[in-house]
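Chemist: Requesting a structural model of the entry that follows:
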Amino acid sequence: MDKTQNTGIVVKNRQGFALLITLSVLSVIIALTMVLLSYFEEVQQDAGDTKALIQADVYYTNITNIFQGFKNKKDLFAVLYSTALPLRTPDSQFSLVLQCDPLYKGVNINWLGLGNDSKKSELYTVAQELFEGLAQDYNIEDAGRLQEMLLEEIGGTYNSVQKEESRLHQKNGIISYQQFAEVISRYQFEIDDPLIGSVPWKKYFSFSPKADKIDGEYSSPELLSYLFGIDISTVEEWASFIEKGTLESFVTQNGGDYAQRKSILAGETFLEATECSVRYALADQQYRFSFEYIQGEAKHFEFFGKQ
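Modeler: As a prediction, this is how the structure comes out:
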């Protein structure tokens, strides 16, 4: 596993990007620009009194309505996953940047809680082996205690001598990276592990209790390198291409065993599960909010205030 740390946000120039101005791309940009312009027309007479949270709610409502209106969600999110979309009114008084990422592009951290579920043993094995590999590679001081804390949060019946009545207190699993990060913080406070902060968890795991497949087409090069035993530089080169073909063909051509992992991968099936972040300007200040969009339903709106 690659341990290279990245302290900044790097935007790579993707090959052939200039050729990607397709009809679907243009329709996304036009639709979102209309949201911005319509909002501008509504509040331009009273922009100074507009509250950032109200503006966020208007953007959130209109953006998710646009998502609902697209029949081909796969094409829509292929555009949004490829690049952040910056939009602004002609006089630059209102602007926003929309960026979306697949929710299920990693190994579901909640699979660690499936140790006693014989029907889902393959999911458990993948998650357990990955966790153990990261613990070893990054020298986690007390991996056993960290896993115990994660399982307590997940609510799985991981302990063979766990009392039957404890099943009445099952949790709903880890539903966000923020929840996962709180567990890591508690572990850090308890164990004082100086290396725990260096583990790039988000490159390998996803944090949604309902995910039973990995959206491998959008997985990180680090995870794909781990799953298929392909050199990470080769995976990074493939991931940088716009027209890169399917993950299955790439793995096969580079000596990996796609069939071994096929049952846990979405393949070419589109998983309608995304998390989006919107940054926007108001009165010379920058604000941000996020939300999830899963199977046609927008949820988990979160406003972060000034940035």
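Chemist: Quick check: the closest residue to Lys73 other than its chain neighbours vs Ser208, distance?
Modeler: Of all residues not flanking Lys73 in the chain, Glu272 sits nearest, at 5.4 Å (Cβ to Cβ, 6 or more residues apart in numbering). Every residue, glycine included, has its C-beta placed from N, CA and C. Glu272 sits 13 Å away from Ser208, going by Cβ to Cβ, to the nearest Å.
Chemist: On the pLDDT front, check the residue positioned nearest the centre of the chain for me.
Modeler: Nearest to the mean C-alpha position of the chain, by Cα atoms, centre = their mean, lies Leu103 at 4.0 Å. Looking at Leu103, its pLDDT is 95.
Chemist: State the number of residues packed around the closest residue to it other than its chain neighbours.
Modeler: What sits nearest to Leu103 in space, not counting adjacent residues and going by Cβ to Cβ, 6+ apart, is Ala273, at 4.1 Å. Ala273 has 21 neighbours, counted by other Cβ atoms under 10 Å.
Chemist: pretty sure Tyr59 is in a helix, no?
Modeler: Yes: under DSSP: H, G, I helix; E, B strand; the rest coil, Tyr59 sits within a helix.
Chemist: Residue ranges in the chain under the pLDDT threshold?
Modeler: By pLDDT under 70, the low-scoring segments of the chain are 1-50, 92-93, 156-171.
Chemist: Break it into its domains for me.
Modeler: Structurally, the chain divides into domains by automatic domain parsing as follows: 17-103+271-306, 213-270.
Chemist: Any chance you could give me stretch 248-259 in PDB, C-alpha atoms only?
Modeler: What follows is stretch 248-259, C-alpha atoms only, in PDB (Å, rounded to 0.1, in the frame of the first residue of the first chain):
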ATOM      1  CA  GLU A 248     -12.400  -5.400 -15.700                       C
ATOM      2  CA  SER A 249     -10.500  -5.100 -19.000                       C
ATOM      3  CA  PHE A 250      -7.700  -3.000 -17.300                       C
ATOM      4  CA  VAL A 251      -7.300  -5.600 -14.500                       C
ATOM      5  CA  THR A 252      -7.200  -8.500 -17.000                       C
ATOM      6  CA  GLN A 253      -4.700  -6.800 -19.300                       C
ATOM      7  CA  ASN A 254      -2.400  -6.200 -16.300                       C
ATOM      8  CA  GLY A 255      -2.400  -9.700 -14.900                       C
ATOM      9  CA  GLY A 256      -4.900  -9.200 -12.100                       C
ATOM     10  CA  ASP A 257      -7.600 -11.600 -11.200                       C
ATOM     11  CA  TYR A 258     -10.900  -9.700 -11.600                       C
ATOM     12  CA  ALA A 259     -13.000 -12.800 -11.200                       C
END
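Chemist: Please point out which parts of that stretch sit buried.
Modeler: For stretch 248-259, burial by neighbour count (16 or more other Cβ atoms under 10 Å) applies to 248, 250-251, 256, 258.
Chemist: Could I get the full set of helices for this protein?
Modeler: For the chain, the helices defined by DSSP state H occupy 23-43, 52-69, 73-82, 121-137, 143-154, 177-191, 201-204, 221-228, 232-239, 247-253, 258-261.
Chemist: and among the ones you listed, the most buried is which?
Modeler: Mean neighbours per residue, mean count of other Cβ atoms under 10 Å, is largest over the helices of the chain for helix 221-228, with a mean of 22.
Chemist: And that helix, what does it pack against?
Modeler: Counting contacts by 3 or more Cβ pairs under 8 Å, 6 or more residues apart in numbering; DSSP states H and E, helix 221-228 packs against helix 201-204, helix 232-239, helix 258-261.
Chemist: want to throw those into a markdown table with distance to Gln128?
Modeler: Shown next, in a markdown table, are these (distance: least, Cβ to Cβ, whole Å):
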| stretch | distance to Gln128 |
| --- | --- |
| helix 201-204 | 13 |
| helix 232-239 | 22 |
| helix 258-261 | 15 |
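Chemist: nearest to Ala298, of those helices?
Modeler: Checking the helices and strands packed on helix 221-228 against Ala298 by Cβ to Cβ gives helix 201-204 as the closest, at 22.2 Å.
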